[in-house]
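Chemist: 3D model of this:
(one chain, ligands or ions: 1)
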Amino acid sequence: MSDANKTTDVVAPADKPVVAPEPVTAATEPTPNTEVPVTAAIASATEPTTAATTTTAAPIATETTGQVKTETAPTQETTELAEEKEASPLAQLWEAAKNHDHPEIWGVPLADPANHIPSQIVFQKYLNANDGDLVKAKDQLIKTLDWRKKSDPLELVRRMYSKTKFEGLGFVTTYVVDGKEVDEPEEREIFTWNIYGGVKSIDETFGNLEEFINWRVALMELALQELNICGAVKPITADYDPYKLFQVHDYKSISFLRSPPHVKSASAETIKVFAQNYPELLKEKFFVNVPAIMGFVYGFMKLFVAPKTIKKFHPMSNGANLAKEFDESRIKGLGEKLPVEYGGKGGELKAVGKEPMLTAE
Ligand code: HEM
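Modeler: Alright, predicted model coming up:
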């Protein structure tokens, strides 16, 4: 796979209620393959903020045998600043999350990141998405908690969606080393597939924006379940994060050559919701079977997307070339595991993939 572009997504089992995290001891037990211990990861993320490093002490004048001696005594402000100085950015994000009445993100029941790896991963992703800027990370985190409280994505993934509108349009597939279930995040790759070329009726699928977004969010949460951050054993850092997803958009057989208003508003809203609430989950994104005549749409869509994200995009005219993009994956023969129509030898998406639940009609 080319190193300029990579993407990924994951969630916790929808049928499991959000429960209190495993005791600290379980999370802190070193595993043989843990390259970055939690403490190291957290330490690397604990660069003090300017506010935290400012030390102020109020001079106090005391009279001693006719001499005026100046001493420093801690003020309330000093004490607060000292406390803040001690708290790492991750601890401060946890503090902010603790004060919110929504308890989870991506199915991870939020807990102290010092001893709960899944929470460390979630908080670190918010920092990474904001290049380490704690104020921005906190703002994004709170907005995500607000949105999850309002939208309840864990419920959305348990809902049924209209077969007529959404069948065959979205899948999640997971590929592992030698077909085995493994704990190592590098030995599992999760793909989300959006087969937008398969849309039969633009009005049906995109006409009700809320319903479309709910279905799209359900697909993302399904992918997050597969990513299984809840069961993660490796903390992440600013530079190391294997908990990401590949995404593929397939525009094969698009039956319309313009981008109607419904599509534009659905795309713009999805991009907005995902950028805000699913940061740092994309490894690389491939747009395949893009009809030459619709190349302009790519330029249009890029207007809504952050430059950092665009770097992960790969438009491709021929979907059958997709498999070749994964030659360097740690999963040997990953390309071959993909469906035949994407250049692999694996089963069809319908056979091996998971879809949000559909109604009978
Ligand atoms: C008319 C048929 C099309 C439909 C129905 C469609 C649908 C969508 C939707 C719903 C999204 C929201 C993001 C998501 O679901 O992950 C999206 C994003 C996007 N689409 Fe399309 N699209 C179409 C054509 C195209 C074409 C021809 C291109 C050219 C490559 C394109 C490029 C993009 C890009 C770059 C994004 C932004 C992706 C992101 O931020 O993750 N689209 N599209």
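
Chemist: Closest to the centroid, which residue in this protein?
Modeler: Residue closest to the mean C-alpha point of the chain, counted by Cα atoms, centre = their mean, is Leu281 at 3.0 Å.

Chemist: For that residue, give its distance to Thr164.
Modeler: Distance of Leu281 to Thr164, given as Cβ to Cβ, to the nearest Å: 29 Å. Every residue, glycine included, has its C-beta placed from N, CA and C.

Chemist: where do the strands sit along the stretch 51-200 of the chain?
Modeler: For the stretch 51-200 of the chain, the strands defined by DSSP state E, counting those that start in this stretch cover 58-64, 67-73, 104-105, 108-109, 170-176, 188-194.

Chemist: per-residue confidence averaged over the last one?
Modeler: Translated: strand 188-194. Strand 188-194 comes out with an average pLDDT of 96.

Chemist: and that strand, is it in reach of the ligand?
Modeler: Yes - counting by Cβ under 6 Å from any ligand atom, contacts between strand 188-194 and the ligand involve Asn194.

Chemist: Provide the strand pairings for that strand, with the direction of each partner.
Modeler: Strand 188-194 has these partner strands in its sheet, going by DSSP bridges: strand 170-176 (antiparallel), strand 245-250 (parallel).

Chemist: Centre of the chain to the strand or helix carrying Phe212, how far?
Modeler: Counting by DSSP states H and E, the element that carries Phe212 is helix 209-227. Distance, stretch centre to chain centre, for helix 209-227: 12 Å (Cα atoms, centre = their mean, to the nearest Å).

Chemist: Show the residue spans covered by the helices in the stretch 251-361 of the chain.
Modeler: Along the stretch 251-361 of the chain, the segments classed as helices by DSSP state H, counting those that start in this stretch run 261-277, 295-302, 307-310, 334-337, 349-352.

Chemist: Of these, flag the one that's most buried.
Modeler: With neighbours taken as mean count of other Cβ atoms under 10 Å, these reach their highest mean count in helix 334-337, at a mean of 21.

Chemist: Sketch out the low-pLDDT regions of the stretch 101-250 of the chain for me.
Modeler: Of all residues in the stretch 101-250 of the chain, those with pLDDT under 70 make up the ranges 179-183.

Chemist: Closest approach to the ligand from it, which residue is it?
Modeler: For the stretch 101-250 of the chain, the residue closest to the ligand is Tyr196, as judged by Cβ to the nearest ligand atom, at 4.1 Å.

Chemist: For burial, what's the neighbour tally of that residue?
Modeler: Neighbours of Tyr196 under the rule other Cβ atoms under 10 Å: 19.

Chemist: Check Tyr240 too.
Modeler: 13.

Chemist: Pull up the residues of the protein that are close to the ligand.
Modeler: Within the chain, the positions adjacent to the ligand are 194, 196, 199, 216, 249, 251, 254, 256, 259, 263, 266-267, 270-271, 285, 287, 290, 294, 297-298, 301-302, 305, 313, 315 by Cβ under 6 Å from any ligand atom.

Chemist: dump the residue contacts of the closest residue in space to Phe166 that isn't next to it in sequence.
Modeler: Excluding the flanking residues, the one nearest Phe166 by Cβ to Cβ, 6 or more residues apart in numbering is Trp215, at 5.2 Å. Neighbouring residues of Trp215 by Cβ atoms under 8 Å, 6 or more residues apart in numbering: 161, 165-166, 170, 356.
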